[in-house]
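**Student:** Mind looking at a prediction? Sequence and model below.
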Amino acid sequence: MFRDMNGDTGHPAERTEATEATEATEGTEPTGPTEPTDPLDLLAALFAGAGADQYLGEDVTQAQHMLQAAALAEAAGAPPALVAAALLHDVGHFQGPVSTEEFLRGTDNRHSHAGADRLAAWFGPEVTEPVRLHVAAKRYLCTVEPGYFGRLSAESVRTLEMQGGPMTQAQVRAYEAGPYARDGVTVRRWDEEAKDPGAEVPDFAHYRPLLTALLTTG
Ligand SMILES: [Fe+2]
């Protein structure tokens with residue numbers, strides 16, 4: 001059973017009680033004695049650790065992919081919150097109730113929601129909501145933009161089906177009504193571009209000042 005089906009547009013208001021209950025348990029697992037407590041140290045450790053794993057089905061690692069997305073955002077002159085969203089958009093892949101093996105067999109890990117919920121401990125909605133919407137934005141663009149589907153990577157096409165497939169017209173209208181709809185699409189476009197195995201981009205440390213200024217935890 002794929003939990004992202006049944007018309008979920010990614011907006012928090014449409015999440016079911018069952019989803020909330022499931023996700024509420026995700027952040028309660030013991031973190032272990034060696035996990036950093038500073039949020040930026042913790043994120044840096046994720047980039048250096050789990051992020052160094054191969055990005056599922058792509059030619060770059062998770063960390064390279066997210067660093068490339070952030071570099072594209074910076075090059076586009078995006079505001080800091082959107083650079084941060086691009087940098088952190090896939091942190092939900094790093095851990096969760098669905099294993100990598102299950103994901104590859106076709107179980108959606110709802111990584112956009114898991115990542116946004118995790119980041120909400122440290123950042124405001126201008127960072128977390130584009131992260132939450134970047135999967136819904138793929139489904140949205142597949143419906144509204146001719147030619148978009150044809151530009152998806154093979155792996156992105158594969159995951160599209162378990163994420164719910166292209167949006168219906170009603171889902172498109174619901175998506176567009178959300179305050180972060182445009183930002184979700186913007187992050188999605190960098191996401192699609194950020195899979196170049198030869199790209200050389202700044203590392204995580206480059207973004208620490210930008211992230212520090214966005215922290216809500218003071
Ligand atoms: Fe991504």
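**Tutor:** Structure received.
**Student:** going forward, measure contacts between C-alpha atoms and count neighbours the same way
**Tutor:** Fine.
**Student:** In which helix or strand does A199 reside?
**Tutor:** For A199, there is no host helix or strand (DSSP states H and E).
**Student:** ok, it touching M66?
**Tutor:** No. Contact criterion CA atoms under 8 Å: A199 and M66 do not qualify, at 11.9 Å.
**Student:** Looking at these two, which is more packed in?
**Tutor:** The neighbour comparison of A199 against M66 (other CA atoms under 10 Å) goes to M66, with 29 against 12.
**Student:** any idea which element that one lies in?
**Tutor:** Assigned by DSSP H and E, M66 belongs to helix 62-75.
**Student:** Need the contact partners of that helix.
**Tutor:** Outside helix 62-75, the residues that touch it by CA atoms under 8 Å, 6 or more residues apart in numbering are 47-48, 50-56, 82-90, 187, 190-191, 193-196, 199, 201-204.
**Student:** Now do it: distance to the chain's middle.
**Tutor:** 12 Å (CA atoms, centre = their mean, to the nearest Å).
**Student:** Can you give me the buried ones in it?
**Tutor:** For helix 62-75, a neighbour-count test (16 or more other CA atoms under 10 Å) marks 62-74 as buried.
**Student:** Tell me the spacing between the closest residue in space to W190 that isn't next to it in sequence and V144.
**Tutor:** By the measure of CA to CA, 6 or more residues apart in numbering, the closest residue to W190 outside its immediate chain neighbours is A69, 5.2 Å from it. Counting by CA to CA, to the nearest Å, the separation of A69 from V144 is 23 Å.
**Student:** lowest-confidence helix or strand of the protein?
**Tutor:** Lowest on mean pLDDT, DSSP states H and E among the helices and strands of the chain sits helix 17-24, with a mean of 44.
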